[in-house]
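Engineer: structure for this input, please:
(one chain, ligands or ions: 2)
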Amino acid sequence: MFDAAVFEGEEQLVTGERRSAAWFGATGRAGMIYRSWMRNQGFGSEVFDGRPVIGVAVSVSELAPCNAHLDRVAEAVRRGVWQAGGFPLVFPTMATGETLMRPTAMLYRNLMAMEVEELVRANPLDGVVMLSGCDKTTPAMVMAAASVDVPAVLVTGGPMLTGKYRGQDVGSGTHVWKFEEELKAGRMSQEECFFAEGCMARSNGHCMTMGTASTMACVTEALGMQLPGSASWPAVDARRFETAQAAGQRIVAMVEEGLRPSQVLTREAFENAIRVNAAIGGSTNAIIHLLAIAGRVGVELSLDDFDVLARAVPTLVNVMPSGRFLMEDFCYAGGVPVVMRDLVEHDLLHGSALTVTGKSVADNVAGAENWNPEVITPLGAPFQPAGSGTAVLRGNLAPGGAVLKQSAATPALLTHTGPALVFDTVEDYHAVADDPGLEVTADTVLVIRGAGPKGYPGMPEVANVALPAKLLKAGVRDMVRICDGRMSGTGYGTVVLHVTPESALGGPLALVHTGDRITLDVPHRSLTLHVDDAELDQRRQHWQPPENPYTSGYTWLYTQHVQQADTGADFDFLHGTRGHTIPRDSH
Ligand code: FES
Ligand code: MG
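Structural biologist: Ligands and ions are numbered 1, 2, ... in the order given. Predicted coordinates for the structure are as follows:
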């Protein structure tokens, strides 16, 4: 049992290092309440002997298909915690699934982060293992871990097996866009699409392209918050469960060591994550999520850091949407440790950064071997040259910045001037996209606004709209699109994203008229609207902010407090670390 001498009365808060002692070590009425109800689950009294109590936060849900198997991953974590002498307690969290949630899972990332943070703080937990999978669930967990700052390890659920359709490998997400184009161009039937759907998703797991889920899994490994190699094991691979078990063992030791997220999530760790994101050809969404996580731990990180730090890093990983392989191939080639080892050896990472293993990045990846240099190309002969990653653009159309993923764009369009065709909402565009009479050419710059954090609300992944049917039928496969929303990490095309400030706040994007000329100049990192300041001022005076239809409920709260993309689209009141002080007694 906990040393009863520490507890002088049932009202007293315990200030010992182990949080759980304040609950399970209490004497008198309060202690009885804390322990007795736990025993209804069949736990013997020995679990209250002062061992580390480990929460296993599980974002399992059949409504978030990428996370549907996490209960089985949790079993492996639980096993590891018991093995190491801890007391595991599994609890469910919200699960924000990309595919079903409307208007967008991103609307709920901050809510999930807030929920997990509060659950950890309110309960007798000394450490936590966080299980996530689908896009937003991983950053939400890490944001929570950062704000509550108890020892924490992340275990992602792993990607699906490679999609197989009529003899070819197909990637979730990426092939949805491709099939949509084929359907619109009349080269694929709806029946064929129904068939292809099943071929694309043939096991548990998250998207097996380098979409946002795989990216965030890799990036959190790069941050040092996941065990080495943890990001890429397929969801159904036995080693996914071995890794989860190892995380359960490791968290118990981390509690003993007092190793907390604030020691791992340093400026060096974020720089490592940004460079790994560039090397894997990662999702543009990682930018927003990393900015949000940095905001939680008070690390100074700016949008421009992503451009500056990534410029020196070639794209090494040849995985869709930038390349042709899939996460299963990446895993068998050696996964993130191979990428990190190569970057460390070329002085492109902070090898000394501390990770959840208790060791440095350099130590973690020292023995990593590359089993397939076609999938993970070596730095000396990269898949795509340095500087081909995500560019941060500025100019009079995006004074707060915008981003473009070069590796997923058409090189010839990276410098382009054309007339704008403007839509206030993505629905307005879809209503006319198939109209054969639409006045659009391959040179047109499609401007889609009203998709920012506040305006949509939630900043959905709508920016990479399919091209107008007229152009697709004529064989056009890409055109410049500009939007204040996001693009799926599985998406591709010459798409300018995250334009800040967003149109709903009266950013310059709100002032563009159809026919205005716009220049995209990625080599010079600029995005220019060729309308003079006097004319823009004139337009600004006539601009009316869109009405916010939300007057109550969570969505109202969201629109009142969400920040812009250039700082991570977190809530203003969630910035920072609030720590894990033990709350007042409940009885
Ligand atoms: Fe969940 Fe792609 S939809 S990871
Ligand atoms: Mg997505």
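
Engineer: which other helices and strands contact the top strand by length along the chain?
Structural biologist: As assigned by DSSP state E, the longest strand anywhere in the chain is strand 415-423. Using 3 or more C-beta pairs under 8 Å, 6 or more residues apart in numbering; DSSP states H and E, the elements in contact with strand 415-423 are strand 445-448, strand 517-521. No exception for glycine: its C-beta is placed from N, CA and C like everyone else's.

Engineer: contacts for whichever helix or strand comes after it, please.
Structural biologist: Downstream of strand 415-423, the next assigned helix or strand under DSSP states H and E is helix 426-432. The contact list for helix 426-432 (C-beta atoms under 8 Å, 6 or more residues apart in numbering) reads 423, 438, 446, 448, 450-451, 460, 462, 465, 468, 485.

Engineer: show me which pair in those residues is furthest apart.
Structural biologist: 438 and 460 (22.7 Å; C-beta to C-beta).

Engineer: and the two? Which one has more around it.
Structural biologist: residue 460 (22 against 15; other C-beta atoms under 10 Å).

Engineer: shouldn't the more buried one be in contact with residue 103?
Structural biologist: Yes. Using C-beta atoms under 8 Å, residue 460 is in contact with residue 103, at 5.9 Å.

Engineer: columns mean pLDDT and distance to residue 24 on top of the helices and strands packed on strand 415-423, output as JSON lines?
Structural biologist: Shown next, in JSON lines, are the helices and strands packed on strand 415-423 (pLDDT from 0 to 100; distance: least, C-beta to C-beta, whole Å):
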{"stretch": "strand 445-448", "mean pLDDT": "98", "distance to residue 24": "54"}
{"stretch": "strand 517-521", "mean pLDDT": "98", "distance to residue 24": "60"}
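
Engineer: out of those strands, which is closest to ligand 2?
Structural biologist: For the helices and strands packed on strand 415-423, proximity to ligand 2 was assessed by C-beta to the ion; strand 445-448 is nearest, at 17.0 Å.

Engineer: against which helices or strands is the closest one packed?
Structural biologist: Using 3+ C-beta pairs under 8 Å, 6+ apart: strand 445-448 touches strand 415-423, helix 426-432, strand 481-483, strand 517-521.

Engineer: other residues contacting the helix or strand following it?
Structural biologist: Using DSSP H and E, the next helix or strand after strand 445-448 towards the C-terminus is helix 469-473. Helix 469-473 has contacts (C-beta under 8 Å, 6+ apart) with 181, 184-186, 433-436, 438, 440-442, 466, 479.

Engineer: please enumerate the helices of the stretch 201-350 of the chain.
Structural biologist: 212-223, 238-257, 261-264, 267-279, 285-297, 303-310, 327-333, 336-345 (DSSP state H, counting those that start in this stretch).

Engineer: tell me the buried residues in the second one?
Structural biologist: What that stands for is helix 238-257. Buried positions in helix 238-257, judged by neighbour count with 16 or more other C-beta atoms under 10 Å: 240-241, 243-256.

Engineer: for that helix, list the C-alpha coordinates in CSV.
Structural biologist: Output in CSV follows, covering the C-alpha atoms of helix 238-257 (Å, rounded to 0.1, in the frame of the first residue of the first chain):
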residue,chain,number,x,y,z
ALA,A,238,2.0,-8.7,-35.4
ARG,A,239,4.8,-6.2,-34.8
ARG,A,240,2.3,-3.4,-34.5
PHE,A,241,1.1,-5.2,-31.3
GLU,A,242,4.7,-5.9,-30.2
THR,A,243,5.4,-2.2,-30.5
ALA,A,244,2.3,-1.4,-28.5
GLN,A,245,3.3,-3.8,-25.8
ALA,A,246,6.8,-2.3,-25.7
ALA,A,247,5.2,1.2,-25.3
GLY,A,248,3.2,-0.2,-22.4
GLN,A,249,6.4,-1.4,-20.8
ARG,A,250,8.3,1.8,-21.6
ILE,A,251,5.7,4.2,-20.1
VAL,A,252,6.1,2.6,-16.6
ALA,A,253,9.8,3.3,-16.8
MET,A,254,9.1,6.8,-18.0
VAL,A,255,7.0,7.5,-14.9
GLU,A,256,9.9,6.2,-12.7
GLU,A,257,12.3,8.5,-14.6
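
Engineer: mind checking the pLDDT average for that helix?
Structural biologist: Mean pLDDT, helix 238-257: 98.

Engineer: pull the distance from it to the chain's centre.
Structural biologist: The chain centroid and the centroid of helix 238-257 are separated by 22 Å under C-alpha atoms, centre = their mean, to the nearest Å.

Engineer: with the fifth one instead?
Structural biologist: Put simply, helix 285-297 sits 9 Å off its chain's centre (C-alpha atoms, centre = their mean).

Engineer: now the angle from that helix to helix 303-310?
Structural biologist: 120 degrees (axes from the mean of the first three to the mean of the last three C-alpha atoms, to 10 degrees).
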